[in-house]
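J.: quick one, fold the following:
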Amino acid sequence: MKTTLLLSVLCAVMAVAASLTCGSDSCATDEICDSAGTACQCNAAVYQFKRGATPSVNFTCTGAKFNIQVSKCWLEKNGYNTSDIRLNSTNSTCSTVREVVDGISEMTINRPLITSDCNTAAELNATHVIYTNQLYIFGKTNPIRITKDAVLNISCAYPLNINVKLNVTLHPILGTTVINGPAGNGSYAAVMMAFTDNTYTTALSEQDTLKVEDTIYLSVQVPGLDANTFKLKVVNIYASPTNSSDQKYYLLKNGCPASDVSPDELTVDSNGVDTESKFPMKVFQIANSNAVYLFADLSICTADCTTTCSSQAKDASSDVIAGRVSIYLNAADTIYNVDTSSASGFSMPWTLSALIFSWILMKLM
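T.: I've put the predicted structure just below:
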């Protein structure tokens, strides 16, 4: 009797398992195999249509990422197009993909908390850094539209104990990301900012303009780190005309000014001795441009990790990169008339990004 019952249970389990396999795919519990037996499709009987219902998104901020999932079959039942769900970017990496989660067919996306990734934005206040984006879910239009598009705001907030006199109403030039501590010891917000003074207290804002050969002061910090236990080291700083960072011009390499950077173009105030690293940098203007990205590769040390900038130290680095932070610098549209008969023409005002990018172009030529 018991043997017969056990066999019946096993057969039922095998039948269920078989029903979830469709060609080379495995169907979720809210899906069935299509008539051809080659692809999973939503089971229309599982969910009900409810006019005006807002998609329910399962959203978490873990592992230094936006983690988003929404029921694929609920969306299809309620007239949404599951082939085009994305964050605020048309980049293909910013779109959701189908994934079976706990037996349910979900549209999921996991993106790092990095400013400019999928147009993620960050705001800084006295206590937190807040990452925001929008999730776009479009109504299906073929053969007819029965529902409106949905745009859902998403945000992640990380505690931030930052000791900077910062007026956030000035729209400071700011880049943030989240990095993992050594041996998985928590997640920390990393911040990259530009300042106008050598005390690193007056943040450079988007409205500020600079003159050729002015000095700006770059600060990279991880304020949440315990300074008695960990130190921050900026391993590399490089510039690129795009946020992909494929084309790199190194300013700092392996903790030292790059070999083709003159001593006054980038210097190291401090690096690897605290939770903040500081770098004065000269600004130059050669040609016109409207954008530049500055990237910093970060490493977390358990002791002081300064680099002695000998030729040998510049060649290689054993630092483990914990993450990357960047800032975006944009040029103004204003065109200035320059009197080339006067030496003062070399100090024509430009916004930060135009000056830096022009200098980069000179270096690349």
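J.: tell me the mean pLDDT for stretch 261-270?
T.: Averaging pLDDT along stretch 261-270 gives 87.
J.: show me which positions of it end up buried.
T.: Across stretch 261-270, burial judged by 16 or more other CB atoms under 10 Å covers V261, E265, L266, V268. (Each C-beta comes from the backbone N, C-alpha and C, glycine too.)
J.: I'd say the first one and L251 touch.
T.: Think V261. Yes - with contacts counted by CB atoms under 8 Å, V261 reaches L251, the gap being 5.8 Å.
J.: bridged to C22, which residues?
T.: D25 (DSSP bridges).
J.: returning to that earlier point: among the buried residues of stretch 261-270, which one sits closest to L232?
T.: For those, the minimum distance to L232 (CB to CB) is 13.0 Å, reached by V268.
J.: distance of the closest one relative to L218?
T.: Applying CB to CB, to the nearest Å, the value for V268 to L218 is 10 Å.
J.: which neighbours do these two share?
T.: Each of K278, F279 lies in contact with both V268 and L218 under the rule CB atoms under 8 Å, 6 or more residues apart in numbering.
J.: K253: how many residues sit nearby?
T.: Other residues near K253 come to 21 when the count uses other CB atoms under 10 Å.
J.: bridging residues for it?
T.: Beta-bridge partners for K253, by DSSP bridges, are C256.
J.: hmm, back to that, redo the buried residues of stretch 261-270 as CSV? Include secondary structure and distance to D304.
T.: Listed next are these as CSV, based on DSSP: H, G, I helix; E, B strand; the rest coil; distance: CB to CB, whole Å:
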residue, secondary structure, distance to D304
V261, coil, 24
E265, coil, 26
L266, strand, 21
V268, coil, 14
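J.: low-confidence ranges in this protein?
T.: Scanning the chain for pLDDT under 70 picks out 1-20, 63, 126, 160-170, 183-185, 210-212, 245, 284-291, 310-317, 329-365.
J.: those helices in it, which residues are they?
T.: Counting by DSSP state H, the chain has helices at residues 2-19, 72-77, 311-315, 352-364.
J.: residues in contact with T120?
T.: T120 is in contact with F66, L87, R111, L113, I114, Y131, T132, N133, counting by CB under 8 Å, 6+ apart.
J.: reformat those residues as TSV; add distance to D319 and neighbour count.
T.: Below are the contacts of T120 laid out as TSV (distance: CB to CB, whole Å; neighbours: other CB atoms under 10 Å):
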residue	distance to D319	neighbour count
F66	27	25
L87	31	23
R111	25	18
L113	22	24
I114	20	22
Y131	26	26
T132	31	16
N133	30	23
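J.: and the gap between the residue lying closest to V70 once chain neighbours are set aside and S219?
T.: Once flanking residues are discounted, V70 sits nearest to V57: 4.8 Å by CB to CB, 6 or more residues apart in numbering. Separation of V57 from S219 (CB to CB) stands at 36 Å.
J.: mind checking which of those two has more residues around it?
T.: Of the pair V57 and S219, S219 is the one with more neighbours under other CB under 10 Å, namely 19 against 16.
J.: I'd say that one and T196 touch.
T.: No - look at S219 against T196 with CB under 8 Å: they stay out of range, at 11.6 Å.
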